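Enquirer: Okay, here's the prediction I keep looking at, along with the sequence it came from:
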Amino acid sequence: MTPSTAAQRVLDALAATDTPEPPSDLFAEGAVTWHSFDEVEEPTLVHTLATLRAIRAVIPDFTMADVRTTGDDEQTGLARYVLTGTLPDGSRLHAPAAMVIHLEDGLVTRLEEYVDTAQLAPLFAALG
């Protein structure tokens with residue numbers, strides 16, 4: 001799997017929160033996700049997917065739009081996208097973001113998401 005393909009597959013898996021588990025050939029056991037806004041590292045399969053399900057419970061049309069993926073070597077992919085959705089008050093969420101996808105032996109071991117907290121403030125407020 002190329003880094004660019006891995007980046008696209010990760011975003012597809014994150015978008016498909018209605019499925020119980022992501023593809024078994026995508027994430028390594030113990031894969032973690034780190035966010036720039038809180039600098040916390042969490043287990044991807046437990047926390048990241050649960051967080052996305054919680055977001056979609058409040059913002060059903062939450063999505064990653066304008067997706068562009070690239071890969072620079074055998075172990076690192078990059079995804080650039082815009083987080084969008086309709087907030088409970090009817091306003092629109094619009095937050096450009098980037099994710100670095102780290103691979104080891106063809107499996108994703110680490111996700112690093114970079115996004116501006118000011119642009120996520122309405123999302124955080126909607127989540128309570």
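Expert: Yep, that arrived.
Enquirer: low-confidence ranges in the protein?
Expert: The model of the chain has pLDDT under 70 over residues 17-20.
Enquirer: Tell me which residue lies farthest from the centre of it.
Expert: D89 (23.7 Å; CA atoms, centre = their mean).
Enquirer: three-state assignment of that residue?
Expert: When classified by DSSP: H, G, I helix; E, B strand; the rest coil, D89 comes out as coil.
Enquirer: ditto for P60
Expert: Once three-state DSSP is applied, P60 turns out coil.
Enquirer: circling back: so who does the residue farthest from the centre of the chain touch?
Expert: A126 (CB atoms under 8 Å, 6 or more residues apart in numbering). Where you see a C-beta, it was placed from the backbone N, CA and C, and this is true even at glycine.
Enquirer: What distance do you get for it to A54?
Expert: Distance of D89 to A54, given as CB to CB, to the nearest Å: 18 Å.
Enquirer: what do you get for P96?
Expert: 22 Å.
Enquirer: for the protein, which helix is longest?
Expert: As assigned by DSSP state H, the longest helix anywhere in the chain is helix 3-15.
Enquirer: Report the angle between the following helix or strand past that helix and helix 3-15.
Expert: Scanning forward in sequence from helix 3-15 by DSSP states H and E, the next helix or strand is strand 27-35. Calculated by axes from the mean of the first three to the mean of the last three CA atoms, to 10 degrees, strand 27-35 forms an angle of 80 degrees with helix 3-15.
Enquirer: So in that sheet, which strands flank strand 27-35, and in what orientation?
Expert: strand 41-43 (antiparallel), strand 107-115 (parallel) (DSSP bridges).
Enquirer: buried stuff in stretch 99-108?
Expert: Using 16 or more other CB atoms under 10 Å as the test for burial, stretch 99-108 gives M99, V100, I101, H102, L103, L107, V108.
Enquirer: what about the longest helix of the chain, distance to the chain center?
Expert: Offset of helix 3-15 from its chain centre (CA atoms, centre = their mean, to the nearest Å): 9 Å.
Enquirer: Stretch 114-128 now?
Expert: 14 Å.
Enquirer: bridging residues for R80?
Expert: Under the criterion used (DSSP bridges), R80 bridges to R68, A98.
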